[in-house]
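*Asks:* Provide a 3D model corresponding to the input given below.
(one chain, ligands or ions: 1)
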Amino acid sequence: MILQEYQCEDDSLFLLVDCDYCGTRFIEDEDGLLWLAETGQEADRYLYPLLSPSEADEDDMFSIDGNEGLICDWCREDLQGTHGALTIRSPEGVLSLGVCSRYAWGQSADGEEPNWELLGDALEILRGRYYHRTDAWRGAYLGPNETEHWVEATGGWHSTMEQSDLSDTIHAIMSGEIVVPFPVAVLIGLTSNVCSVTWAVYVHKENVEALRKLLEEKTPAPAWAQVR
Ligand SMILES: [Zn+2]
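*Replies:* Take a look at the predicted model:
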């Protein structure tokens, strides 16, 4: 965000700007060079614009809350290094996003052209994400149970180490292998345990029963479900 502009006597212009995430304050000179405001040293960083969600394209980072600021490349790299994901699949196409803290960006979706129009009401899911802390060291990112348009139809924890019938089915839906006639969104969240993630499948309210039925049909019941 540009905080202040300075016009010097020789007409050179300086801007005072800060990184939306780490808050580091920079002075940008007329030539676009960045200096650390605190020490006056040249900064070995770049600043990227945070676009509004409606302007975002693949790889552009945007603020989930719609802040139009700047983010430094150190923070951008950090956020994109370890992150959760939201994928929206509908009959109109697919949109795959990386998400970390209050920022998100487009990710490639197996060669398919991302359909940014799907971001629309799916932003509600991103905005409802929160960190659920279970003790001083442990916790997990979870999504909202319900938003204006979406309901969490099913969800839970999953191992990052192995596949399951359920993860195969969800993957088949999100890759388009199983065609679903309504939009489905899957939110994957990081946990403090690298061996597990949280997952939640969202659909619009009128499709909850249809989605549950589909998952039951496509996913064989685990052996223990047969025991009475
Ligand atoms: Zn930063």
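
*Asks:* Next, the contact list for the most centrally placed residue in the chain, please.
*Replies:* Nearest to the mean C-alpha position of the chain, counting by C-alpha atoms, centre = their mean, stands Val99 at 2.1 Å. By C-beta atoms under 8 Å, 6 or more residues apart in numbering, Val99 lies in contact with Ile64, His83, Gly84, Ala85, Leu86, Leu126, Arg129. Using the backbone N, CA and C atoms, a C-beta is placed for each residue, glycine as well.

*Asks:* Leu211 now?
*Replies:* Counting by C-beta under 8 Å, 6+ apart, Leu211 touches Ala153, Thr154, Val180, Phe182, Val184, Val201, Val203.

*Asks:* Can you give me the domain assignment for the chain?
*Replies:* 2-46, 82-222 (automatic domain parsing).

*Asks:* Would you mind finding the most buried of these?
*Replies:* domain 82-222 (a mean of 17; mean count of other C-beta atoms under 10 Å).

*Asks:* So for it, mean pLDDT?
*Replies:* Here domain 82-222 scores 90 as its mean pLDDT.

*Asks:* repeat for stretch 10-27
*Replies:* Per-region confidence: stretch 10-27 scores 88 on mean pLDDT.

*Asks:* roughly how far is it from the heart of the chain?
*Replies:* 27 Å (C-alpha atoms, centre = their mean, to the nearest Å).

*Asks:* same question, stretch 206-216
*Replies:* Centroid separation for stretch 206-216 versus its chain: 25 Å, with C-alpha atoms, centre = their mean.

*Asks:* before we move on, what about stretch 78-87?
*Replies:* With C-alpha atoms, centre = their mean, you get 6 Å for stretch 78-87.

*Asks:* Now tell me what touches that stretch from outside.
*Replies:* Contact partners of stretch 78-87, identified using C-beta under 8 Å, 6+ apart, comprise 21, 61, 94-101, 103-105, 107, 109, 122, 125-126, 129, 141, 174, 185-190, 197.

*Asks:* got it, and stretch 21-35?
*Replies:* So stretch 21-35 is contacted by 3, 12-19, 36-38, 41-43, 45-47, 71-72, 74-75, 79, 101, 103 (C-beta under 8 Å, 6+ apart).

*Asks:* next one: stretch 151-160
*Replies:* When contacts are defined by C-beta under 8 Å, 6+ apart, stretch 151-160 is touched by residues 140, 143-146, 164, 166-167, 191, 194-205, 207-208, 211-212, 215.
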